[in-house]
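Engineer: Build me a model from this:
(chains A and B)
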Amino acid sequence: MTQEQTIENIALTELLDKVRSFRASKHRLAQICATDLGDKYELLYSFDLQGKLTSLRTYLPIPANHSLAPGSAGGPTTDATHPHLQSISSIYGASILYENELHDLFGIQMDGLAVDFHGNLYKTAIKYPMGSKKAPTPTCETK
Amino acid sequence: MATTIIPFGPQHPVLPEPVHLDLVVEDEKVVEARPSIGFIHRGLERLAEKKEYQEFVYVAERICGICSFIHGQTYCQAIEEIMKIPVPPRAQYLRTIWGELSRLHSHLLWLGLMADGMGFESLFMHAWRIREKVLNIIEATTGGRVIFGSCKIGGVRRDIDPDTMKTLLAQIDDINKDMHEIVNVFLSDRSVKARLVGVGTLTKDEAYDLGCVGPMLRASGVSQDMRSLGYAAFNEIKVEPIVRTAGDSYARCEVRCGELFQSVNIIRQAAAKIPPGEIAVKVTGKPTGESITRTEQPRGEVVYYVKANGAMNLQRFRVRTPTFANLPALLKVLQGCDLADVPMLVLTIDPCISCTER
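Structural biologist: Numbers count the residues shown, from 1 in each chain, chains lettered A, B, ... in the order given. Below you'll find the model as predicted:
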C-alpha cells in the first residue's frame, strides 16, 4: 500500500521560512537526510501531520575547492571550504541530532546550531565517512 | 551551588547497549544531561552502496537485534513501492503476524529490563520466561529466534501451514494468560508504582515538539501509530492506538503493557483472516526512483528513505530509528530529575542504540 506523502522542491534560501511555516502548522519533524550527489548535497526535511508526510527537498552546493581534511582532534571543523548550512534548531529543537549527524557524517558545517557536539556525536575511524571527498583512511604505525 | 559531572555509561548495569551521558549534577538533582553516542556506528547506510539491493534485506534485518524483522519488512516495502511490486495478500498477513510477534518479544524484553533496573528480579525473570515462549513460536515458524530471515522483496520466504497456525494460536493463548499475571504486577505493585508514577513527566506539547514517537509519544496523550497508515495487513486489521495522558514513566509502562494484548489481538485476527495463495512474487529488474516508507516498530515510528538510480546498488539508504527520535525527549526528562531516577528514565524510552547508530 502506498503511503501518502509529497516531496516539495524548494530553493535553499526558502528553507527556513518553509520550516517556520511547518512549525506554525504543528507539523512534527520526522527526519532530515542528506544524499551526496557529487557536486552538491541533496537535503530532505520530512514533516508529519496526522499521518501525512511532507518533505522539503533542497540542494546544498559543494564548493569546488572543498576538501574534507580532518579538523583538529575533537574540535569544531571551521574549514571555510566546507559547505555551510543554516541550522533549523531555533525552530525545531529536535533537529540537533540530525544536524550534528550531517556534520559528523557528511562534513556539512552547521551554522546557528543550538547544541553543537563539535564532531563528537559519532566516533568514526574516518572523518565524514559519507562526505563527498573522503579524508585519508587512518593508518596504523608499527614499530 | 557547585556542580559535579557524573559520567553515566557507556557501560552501566541498566544499559543493554552503549550510550554515554555526562550528567551535570547539583546536589542530587540532574541539571543537564549531555549525550554521546557513536560507540557502535557500523556505517550500514554506506554499505547499501556496495551490496545488491535484493541482498541488502539481510543487512537491514541486522540493523537491530530486537526489531530485526520490521527493519527487513520496511526495507522490502520501500523497494516494493519503488518497483511497484504487488505483494501477495498472504505474505502481507504473514508479515503482520511476525511483526506483532516481534513487538511482543520486544515489549517483554523491555518489561524485564525495567524490572531488573528497579531491582525486581523475580518479575524480570517472569517477563523473560514469557518472552522465551514467543521466541519459541518465532523459531518454529521462521527457523530463527531473533533474526528471522523470512522477509524478502516481493513477499516472504516461509509459509505457516494450518496445523502450525493452530499450535501458534494455542501458544498465544497461553502467553496471553501469563502476560495478564505479570502486567497486573507491573501496573498494581506498590514498589513499581513508587519508582514510576510522576517520574519523568513529558507533556503532550513537549512530546510532540521534541519529535517523540511510539509509546513515548502515546503515553503523553498523542494518538499516533504508524500501523494506521495501512501497510501490510493493517488496511484490513484496524489498530486503535493505546494512549495515556499522564506522560510519566508509569504511563509509558502502561502503554507498552496495553500493546502486548493489542498485538495478541492482531495476531488472532490475522490468523483468522489470512487468505490462501502465493507467498511471494518473482522480482526482476533494477529499481529507479525514491521512497520514504514508515512503519511502527516496538519503539515507535521508523523512517526509511531509499533512493535508486537503476543500478544494482542503491544510491542512498537512510534509516531514522525511533530511539534517535526519542533522544531529545530523554534529555528533556532528565533535566531536574533525581540522580537515582536516571536509570529508570533512560530505560523508559526503551533505548536501542545499535538501531540508532546503524
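Engineer: Walking through the chain, point out its strands one by one.
Structural biologist: All of this is about chain A. Taking DSSP state E, the strands of chain A run over residues A:5-9, A:28-36, A:40-49, A:52-61, A:84-86, A:109-111.
Engineer: hmm, I had chain B in mind actually
Structural biologist: Per DSSP E, chain B carries strands over the ranges B:3-8, B:20-26, B:29-36, B:151-152, B:155-156, B:288-297, B:300-309, B:316-320.
Engineer: can you put the ones you listed in TSV and add mean pLDDT and distance to chain A?
Structural biologist: (Each C-beta comes from the backbone N, C-alpha and C, glycine too.) As requested, the strands of chain B are exported to TSV (pLDDT from 0 to 100; distance: least, Cβ to the nearest Cβ, whole Å):
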stretch	mean pLDDT	distance to chain A
strand B:3-8	88	14
strand B:20-26	87	10
strand B:29-36	85	6
strand B:151-152	90	16
strand B:155-156	92	15
strand B:288-297	91	6
strand B:300-309	91	5
strand B:316-320	89	4
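Engineer: Which stretch among the ones you listed approaches A:L113 most closely?
Structural biologist: Checking the strands of chain B against A:L113 by Cβ to Cβ gives strand B:29-36 as the closest, at 14.3 Å.
Engineer: What residues of that closest one count as buried?
Structural biologist: Buried residues in strand B:29-36, defined by neighbour count with 16 or more other Cβ atoms under 10 Å in any protein chain shown: B:30, B:32-33, B:35-36.
Engineer: Mind checking if the lengthiest helix in chain B is in reach of chain A?
Structural biologist: For chain B, the longest helix by residue count, based on DSSP state H, is helix B:89-117. No - Helix B:89-117 is not in contact with chain A by Cβ under 8 Å from any Cβ of the partner chain; minimum separation 8.7 Å.
Engineer: got the end-to-end distance for stretch B:79-95?
Structural biologist: End-to-end distance for stretch B:79-95, by Cα to Cα, to the nearest Å: 15 Å.
Engineer: before we move on, what about stretch B:80-87?
Structural biologist: Termini of stretch B:80-87 sit 8 Å apart (Cα to Cα).
Engineer: cool, and stretch B:195-208?
Structural biologist: 25 Å.
Engineer: can you count the residues close to the nearest residue to A:I96 once chain neighbours are set aside?
Structural biologist: Among residues not flanking A:I96 along the chain, A:V115 sits closest, at 4.6 Å (Cβ to Cβ, 6 or more residues apart in numbering or on different chains). If you count neighbours by other Cβ atoms under 10 Å in any protein chain shown, A:V115 ends up with 17.
Engineer: Show the residue spans covered by the helices in chain A.
Structural biologist: Counting by DSSP H, the helices of chain A are A:15-24, A:96-101.
Engineer: quick revisit: which residues does the residue nearest to A:I96 contact?
Structural biologist: Each residue near A:V115 by Cβ atoms under 8 Å, 6 or more residues apart in numbering or on different chains is listed here: A:89, A:96, A:100.
Engineer: Need the per-residue pLDDT for it.
Structural biologist: Listed pLDDT for A:V115 reads 77.
Engineer: how close does the closest residue to B:Q297 other than its chain neighbours sit to B:V134?
Structural biologist: Once flanking residues are discounted, B:Q297 sits nearest to B:C67: 4.5 Å by Cβ to Cβ, 6+ apart. Separation of B:C67 from B:V134 (Cβ to Cβ, to the nearest Å): 13 Å.
Engineer: So those two - more neighbours on which side?
Structural biologist: Between B:C67 and B:V134, B:C67 has the larger neighbour count (other Cβ under 10 Å), namely 28 against 25.
Engineer: For the stretch 101-250 of chain B, which residue gets nearest to chain A?
Structural biologist: Among all residues of the stretch 101-250 of chain B, B:G211 sits closest to chain A, at 3.6 Å; criterion: Cβ to the nearest Cβ.
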